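In: got a predicted structure plus its sequence, pasted below:
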Amino acid sequence: MREYQPGISSLEVAPDTVLLVSDLHIGVGKNPETGKFEPRENFFADEAFTALLEAHDPATHKAPLLVLNGDVWDFIRVSERPETDADYTLWQSELAALGVNKTMEELRTPAKREGRYGLRTDDYKSVWKLLRIARGHQGFFAGLGWWIAQGGSIVIVKGNHDVELYWPLVQRAVRRLVTGGGDPKPADERLQFVQLGFTIGNLYVEHGNQFEGVTAVEGEPVIPGGTELNLPLGSQVNRCIINQLEGIEPFLDNQKPLNKLLWDMFRAHPLRMIGIVWVSGPFLGRVVKRYRFRHTLAFTIYFGTIFVAPIFLAAAAFVILNEVWFHIGWLRDFVAWIPPFWKWLMAILGPILPYLGGLIKDGKDYLAARLRKRTAAIGEDAFGKGMHGQLGRAGFPAKYQRVYGVFGHTHQPDVQILPPVGPAGEVFYLNSGTWIPGWDPARPDLIGRVTYSVIRFKAQGDGDYRHEYMEWRPDRGALVPAMILARA
């Protein structure tokens, strides 16, 4: 795996308890004046999250550690820009408190120019997005501040939806928000940021986006010669397309299969969908030129199966209307010029395109299953296999007979048993799931429900941890064993 930044850093502390959650995808949240949530919001658990922390009060434990394993704050979803004088004044004053002095003109000019898809990823612009998130999730930041004040520690791992945590300025802004602008020393000492992965005891933790092509950051974290971050292709598609679609259909990005939902949206909102493609398509086309062909091809096929079919059907309808109503001569001549073979091909291809993505996926799954039967497969998927490689590079001491590797990113709670790594005979891959609503067709019992997945590690001595895969139940005020289904 390509490491675009140093991959493994060590923590000096040896907490008796490690709480690990990921993929909170916290957006701009609730308007404090109206009490309404923005349509693109996915995180509604400020109170539930704080209750989880209070149930593990650091004052009653030995330096407990909270790990937020990536995609904590969803900077990609923040398309809101400063609008009022109060917005700009807040932004300017917070930057000044962080040691960055900007004039109002220096803030207003880019904010007006970059309004359609949200501000870009310069560090001071990322601070605005963080401030916008904090405005709608005051309880979440207060909960983190309480945890630190009680003596707990926090490690925040960067994911693909919060790559802005790369910037030292954004890290300082997080610490300032967590402490409420008060004494920064506790947060400086007990709140750490990790760019890729870290080890503690017999655990290795990483977000996992580097093992999926369209979410991996390839190359340096900052665009050469610029002040903007090197976003993965999937993030660009989210900024340009998905954010706008979720303005029409909230939770769209949570629902599977996405291609079926988009096709349904085309039938329900054809003009709005075409408008989004018309406006955003050229911009996205310019953006994706710097990405690898295999990634852009996958997205082209994916969206082509959705958008081309309605175009084919609309063209066929227009041709029929021309014959019975419009009588446009050049259009009739053009249709007559098309060879019969191509007419038949277009007539057949148009209706089946929405199913092409599913056919390709089923074909890939079938070939992968056949290959697994013929080879000594490592793990149940690419993430299990990738984690096995990371654990081999982590260099755990020989004293550990069991080691753990934890990813987030997929939103799928998981436990896999992997082949031995070095002296460790027991190797577990865990996935920390998510705290946002889900619509997984394989789990109809959870449609639209939030499962507050928590992995809790308890020390057995000398940094040797054992895991409990749990679910936080706000109605009980307690962690209960999670239910995880094996793969079909």
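Out: Received it, and whenever you're ready, just let me know what you need.

In: phi, psi of residue 417?
Out: In terms of degrees, to the nearest 10, the main-chain angles of residue 417 are phi -100, psi 120.

In: number of residues surrounding it?
Out: Residue crowding around residue 417 was assessed by other C-beta atoms under 10 Å; the count is 11. (C-beta placed from N, C-alpha, C; glycine too.)

In: for it, which residues make a bridge with it?
Out: Residue 417 has the following beta-bridge partners by DSSP bridges: residue 428.

In: residue 338 and residue 314: what is the separation?
Out: 17 Å (C-beta to C-beta, to the nearest Å).

In: and these two? Which one has more around it.
Out: For residue 338 versus residue 314, neighbours defined as other C-beta under 10 Å are more numerous around residue 314 (13 against 10).

In: so residue 280 is in which element?
Out: Taking DSSP states H and E as the criterion, residue 280 maps to helix 270-287.

In: and that helix, what does it pack onto?
Out: If contacts are counted by 3 or more C-beta pairs under 8 Å, 6 or more residues apart in numbering; DSSP states H and E, helix 270-287 sits against helix 233-237, helix 243-248, helix 258-268, helix 293-321.

In: looking at the shortest one now, give me its mean pLDDT.
Out: pLDDT averaged over helix 233-237 equals 85, rounded to a whole number.

In: same question, the longest one
Out: Confidence for helix 293-321, expressed as mean pLDDT, is 68.

In: which element follows that helix toward the C-terminus?
Out: By DSSP H and E, the next helix or strand past helix 293-321 is helix 329-337.

In: any idea how far residue 349 is from residue 337?
Out: Distance of residue 349 to residue 337, computed by C-beta to C-beta: 19 Å.

In: looking at those two, which is more packed in?
Out: A count of neighbours by other C-beta under 10 Å puts residue 349 above the other of residue 349 and residue 337, at 14 against 7.

In: mind listing what the more buried one touches?
Out: Contacts for residue 349 (C-beta atoms under 8 Å, 6 or more residues apart in numbering) come out as residue 312.

In: checking my notes, it in a strand, right?
Out: No. Counting by DSSP: H, G, I helix; E, B strand; the rest coil, residue 349 falls outside a strand, being helix.

In: let's number from 5 now, not from 1
Out: Happy to do that; since the first residue is 5 now, the last one works out to residue 353.

In: what about it, distance to residue 443?
Out: Counting by C-beta to C-beta, the gap from residue 353 to residue 443 is 29 Å.

In: and for residue 185?
Out: For residue 185 relative to residue 443 (C-beta to C-beta), the value is 39 Å.

In: again, but for residue 157
Out: 35 Å.

In: show me where the stretch 5-154 of the chain has strands.
Out: 12-14, 21-25, 69-73 (DSSP state E, counting those that start in this stretch).

In: so which of these gets nearest residue 405?
Out: strand 21-25 (18.6 Å; C-beta to C-beta).

In: quick check: mean pLDDT across the closest one?
Out: 96.

In: in this structure, what helix or strand scores lowest on average pLDDT?
Out: Least confident helix or strand, the chain: strand 12-14 with a mean of 59, by mean pLDDT, DSSP states H and E.

In: what about residue 203, which SS state?
Out: Going by three-state DSSP: residue 203 is strand.

In: next one, pLDDT for it please.
Out: 91.

In: just to check, it is in contact with residue 398?
Out: Yes. Using C-beta atoms under 8 Å, residue 203 is in contact with residue 398, at 5.5 Å.

In: any idea how far residue 252 lies from residue 285?
Out: 17 Å.

In: over to residue 406?
Out: Taken as C-beta to C-beta, the span from residue 406 to residue 285 is 50 Å.

In: what's the answer for residue 403, then?
Out: Between residue 403 and residue 285 the computed distance is 56 Å (C-beta to C-beta).

In: go on, residue 320?
Out: Between residue 320 and residue 285 the distance is 22 Å, computed by C-beta to C-beta.

In: with residue 452 instead?
Out: Counting by C-beta to C-beta - residue 452 and residue 285 are separated by 31 Å.

In: quick one: which of the two has more around it?
Out: residue 285 (14 against 10).

In: re earlier: in terms of neighbours, single out the busier of residue 157 and residue 443.
Out: residue 157 (21 against 18).
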